[in-house]
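need a structure here:
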Amino acid sequence: MARRANPAMIGAFVLGAVVLGVAALAVFGGGKFFRHTVKLVAYFDGSLKGMAIGAPVTFNGVKIGSVTDFKVIIDTKNRISEHDITPTAVITTPVYFEIDAGRLYLSNGKKIKLRRDGSGLRRLYARGFRAQLELASLVTGQLEVALNFHADTPLRLTGLSKDVPEVPTIPSSIEKLSKSLEKLPIDEMVADVREALDAINRLANAPEVKAILRDVSRAVVNADTLIGNTDKLVRSVNAEVPALMAQVNKTSESAQTTLKELQAVVSRVGGGAESALAEYQQLAKNADTQLAPLIANVNKVALSADKTLVQAERALVSVESAINEDSPLRYDVVKALREVQSAARSLRILMDYLDQHPEAVVSGKRAEGMR
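Numbering: from 1, shown residues only. Reported below is the predicted structural model:
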């Protein structure tokens, strides 16, 4: 006779199986059966490229759910307006998602009461609760449904969903940017840029511009040549000045000696007029002999000053006619040329005075009105 089964053992086995099943649901189901989830739907007008089932649903950046399904609905009914009766195709893309209502709290610490029929959402809609598509990853291009409060946006509900509560939507940032770009007159902008480039090309190749550039280049070369000549003149003058000064010192010393001898002659006038006159004539010859080289050097420097002055005036006229008035280069070059002119004129005046009054080397410049 077969042994009778123990009811207690059977009951324990069944109870253990139930416990293991519940534990498996809790572990592998992520606690889904113990959460208060609410299923919602949002209708978006833009493209759903990058959307996938399981995509995150966030509220202010915090994940509170995931996308469960999405569809593409094509409505081909006639759209009748006041001025137009045309058959058009309207495409709507509902995205279904579930959120964990247990993660939403009020500031007083109480949970936000959301019923599965969505009756608790009406107050949130009035405060700007909206759904928006955003990029979850720039690398993969995956989209997510972002929930947040946008109080300054209109309440937009399609009323197409009968059994699932609908969340109002607003355009995504990418959709706004795309619409803004579509409104831009791209063709006109490209045409304007092309015309501007053509105008720049014509201006760059214009004969007048090339002539101006050649004149500027020529003026710069002339200015560089003038500066080089001026530098040579300055070095030449610097080389001649020591010899000239030595000659002046020598002439001054000779003149002083002559004056002393003249004073001696005058003191001896009582001793004999003829003898004094002969000595005076000899002293005059000595003075002429000493002053002649000095006058020659003075004339040589005066000629160099005249030549520099003429070159500076020519270069100044060339620079002023070739370079724009507002150019910093013109200001610097003109300033340098005017300084060269001033120095040449001053040197010429000095040389003319020494040529007319060589005795000024000894006695100095006479005061005005003295004879």
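
quick check: bridge partners of Asp56?
Heads up, residue 56 is Pro, not Asp. Using DSSP bridges, the bridge partners assigned to Pro56 are Ser66.

report the mean confidence score over stretch 143-159.
Averaged over stretch 143-159, pLDDT sits at 88.

restricting to C-alpha, output it in PDB.
Provided in PDB are the C-alpha atoms of stretch 143-159 (Å, rounded to 0.1, in the frame of the first residue of the first chain):
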ATOM      1  CA  LEU A 143      15.600  61.900 -27.000                       C
ATOM      2  CA  GLU A 144      13.900  62.000 -23.600                       C
ATOM      3  CA  VAL A 145      10.600  63.400 -22.400                       C
ATOM      4  CA  ALA A 146      11.300  66.300 -20.000                       C
ATOM      5  CA  LEU A 147       8.600  67.400 -17.600                       C
ATOM      6  CA  ASN A 148       8.700  70.800 -15.900                       C
ATOM      7  CA  PHE A 149       6.700  73.900 -15.100                       C
ATOM      8  CA  HIS A 150       6.500  76.600 -17.900                       C
ATOM      9  CA  ALA A 151       4.000  79.100 -16.600                       C
ATOM     10  CA  ASP A 152       4.400  81.500 -19.500                       C
ATOM     11  CA  THR A 153       3.300  78.900 -22.100                       C
ATOM     12  CA  PRO A 154      -0.200  78.300 -23.400                       C
ATOM     13  CA  LEU A 155      -2.200  75.200 -22.500                       C
ATOM     14  CA  ARG A 156      -2.200  73.000 -25.600                       C
ATOM     15  CA  LEU A 157      -4.300  69.800 -25.400                       C
ATOM     16  CA  THR A 158      -5.400  67.800 -28.500                       C
ATOM     17  CA  GLY A 159      -8.200  65.800 -26.900                       C
END
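
and the contacts of that stretch?
With CB atoms under 8 Å, 6 or more residues apart in numbering as the test, stretch 143-159 has contacts from 42-43, 48-52, 55-60, 64, 67, 92, 95, 97, 99, 125-136, 166-170. C-beta: built from backbone N, CA, C; applies to glycine.

which of those residues fall within helices?
In this view, the contacts of stretch 143-159 that belong to helices under DSSP state H are 125-126.

show me the contacts of stretch 143-159 that map onto strands.
Using DSSP state E, the subset of the contacts of stretch 143-159 located in strands is 42-43, 56-59, 64, 67, 92, 95, 97, 99, 129-135.
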